[in-house]
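Engineer: structure, please.
(2 chains)
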Amino acid sequence: MSDFKGSDVVSIRDLSKERIEQVLDLSEKMIPYAKGEKSTKALDGRILANLFFEPSTRTRLSFESAMVRLGGSVIDVAFPSMTSVSKGETLADTIRMVESYSDVIVLRHPHEGAARLAAHFSTKPVINAGDGAGQHPTQTLLDLFTIRREKGKIEGMHIVMVGDLKYGRTAHSLAEALSLLGAELTFVAPQNLQMPKETVKEVEKLSNKPKLVSKMDDVITQADVLYVTRIQRERFPDPSEYLKVAGSYRIDKNLLREAKKDLIVMHPLPRIDEIAPEVDNTPHARYFQQAFNGVPVRMAILLLVLGAESNEGF
Amino acid sequence: MKDFRVTPIRNGTVIDHIDCGMALKVLRIIGFTGENVWSTVSVLMHVPSKKAGWKDVVKVEDRELDPKEVDKIALISPRATINIIRDFNVAEKYKVKLPEVVRGIVRCGNPNCITNLAEPVESEFTVESQNPSVLRCIYCDRILEDISEHII
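Structural biologist: Numbering: from 1, shown residues only, chains lettered A, B, ... in the order given. Have a look, this model is predicted:
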């Protein structure tokens, strides 16, 4: 029985541990379909509306790929500037119109809380594909899936998150979800970009106390997973300060020499120069695998919210 | 004879145990800031309190508060008590208490929150703590800082 059917996926906090595991289990089964090795018509006749009010490559394409792989169709708005939104229509009205054309809505919007608002007005499931600096739950789920798939489990894994941990709210959601699933966390960032107190407290409540450090050298030897995020230039008023800080967190072969043999390096992409290209060919690199995993994970989410996961006996 | 700073009122509301310094904000909440005020309002600021050092008190004659006003007072002064006076007697007395969710009485402090655009929704916050008041926007998920500045 599916209790997921009709649910919105707005924030990772809305999902219990059991539901997260349900998504990850089904994602595993979706891999041969996502690769095109098997085919299915589980969502035949269903329509996904891709509403992207902000540019996105990976998320939009992977949702589209996921829906098409499941035998469904996708309608989208190519240029939001050409829609009635640019004429001043409210998001609430846009959603009420789009829900009558589709079975599930995927929304990316520049304002925080947009997906919650859309879910409020839509009777069809709404999946948040990123709202401003807010939540991006399908990214969190695919990150969790990548770790579980590559390492066999999440519980007890030592995960080191490095980069801009203060402003990236997806980093906050990931940290909370990882601690919910029992991972050990270390946050590596310069002091002005370190994980906010609020998130650290939340992590402590869910699992063990995370370690907060400012240098990579101290932790690289113990890490099972290195999760790298981008340090944005605009966070530093002084460009030379930016170069100094960004340089000290750059992941290269030299740094990885000290790491465990089976350490995996992840990055939500796009990367700028946080990870040297020379790392791509090492056995540690998993960021392209991670990007691929967006497809099976989004397939699983679509099946679950549309109540079709048992259609073809997955 | 006891020396009253302000005489008892016949009918109206006494808002007692207001956090020190918050009386003028309470006046703003109940709309008693100068225009269209037809009854006497007395404000006591920084008076001794048996419970907590110092307090403010507001007495409003011939007026009772509506629930939204009481919730707004609870936001900025969680220990306040409301006394409804009828014919010189305390007819009702209760402590302010925030509901689990507050709607439409305070706006989100995040300028990028969707509720600050022209969307047809009321703001909505879950109350994570009563004293001190901690509110989290259900839309953008942020904790509201400086609550008294965002009361609608």
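
Engineer: does B:Pro99 touch B:Glu124 like I think?
Structural biologist: No: B:Pro99 is beyond contact range of B:Glu124, at 11.2 Å (criterion: Cβ atoms under 8 Å). C-beta coordinates here come from the backbone N, C-alpha and C atoms, glycine included.

Engineer: looking at the two, which is more packed in?
Structural biologist: Per other Cβ atoms under 10 Å in any protein chain shown, whichever of B:Pro99 and B:Glu124 has more neighbours is B:Glu124, with 20 against 10.

Engineer: quick check: A:Phe236 vs B:Pro78, distance?
Structural biologist: Applying Cβ to Cβ, to the nearest Å, the value for A:Phe236 to B:Pro78 is 40 Å.

Engineer: okay, now the residue of chain B found nearest chain A: neighbour count?
Structural biologist: Chain A sits closest to B:Tyr139 of chain B, with a gap of 2.8 Å, by Cβ to the nearest Cβ. Around B:Tyr139 there are 28 other residues, counting by other Cβ under 10 Å.

Engineer: name the SS class of it, please.
Structural biologist: coil (DSSP: H, G, I helix; E, B strand; the rest coil).

Engineer: chain center to the helix or strand that contains A:Val265, what's the gap?
Structural biologist: For A:Val265, the element it lies in under DSSP states H and E is strand A:264-266. Put simply, strand A:264-266 sits 15 Å off its chain's centre (Cα atoms, centre = their mean, to the nearest Å).

Engineer: for the next helix or strand after it, name the packing helices and strands.
Structural biologist: For strand A:264-266, the following helix or strand on the C-terminal side (DSSP H and E) is helix A:287-305. On a contact count with 3 or more Cβ pairs under 8 Å, 6 or more residues apart in numbering or on different chains; DSSP states H and E, helix A:287-305 meets helix A:17-34, helix A:58-69, strand A:126-131, helix A:137-151, strand A:264-266.

Engineer: again, only using 10 Å
Structural biologist: Judged by 3 or more Cβ pairs under 10 Å, 6 or more residues apart in numbering or on different chains; DSSP states H and E, helix A:287-305 is in contact with helix A:17-34, helix A:58-69, strand A:104-109, strand A:126-131, helix A:137-151, strand A:225-228, strand A:264-266.

Engineer: measure how it sits relative to helix A:58-69, angle-wise.
Structural biologist: 50 degrees (axes from the mean of the first three to the mean of the last three Cα atoms, to 10 degrees).

Engineer: ok so, going back, for the residue of chain B closest to chain A, which non-adjacent residue is closest in space?
Structural biologist: A:Gly113 (2.8 Å; Cβ to Cβ, 6 or more residues apart in numbering or on different chains).

Engineer: does the one you found touch B:Arg136 like I think?
Structural biologist: No: assessed by Cβ atoms under 10 Å, A:Gly113 is found out of contact with B:Arg136, at 11.4 Å.

Engineer: give me the mean pLDDT for the strand holding A:Val265.
Structural biologist: Per-residue pLDDT over strand A:264-266 has a mean of 97.

Engineer: stretch B:39-48 now?
Structural biologist: Mean per-residue pLDDT for stretch B:39-48: 92.

Engineer: check which residues of it are buried.
Structural biologist: Residues of stretch B:39-48 classed as buried by neighbour count (16 or more other Cβ atoms under 10 Å in any protein chain shown): B:Val43.

Engineer: show me the contact partners of it.
Structural biologist: B:5-7, B:9, B:11-12, B:14-16, B:18, B:20-24, B:26-27, B:30, B:32-33, B:53-63 (Cβ atoms under 10 Å, 6 or more residues apart in numbering or on different chains).
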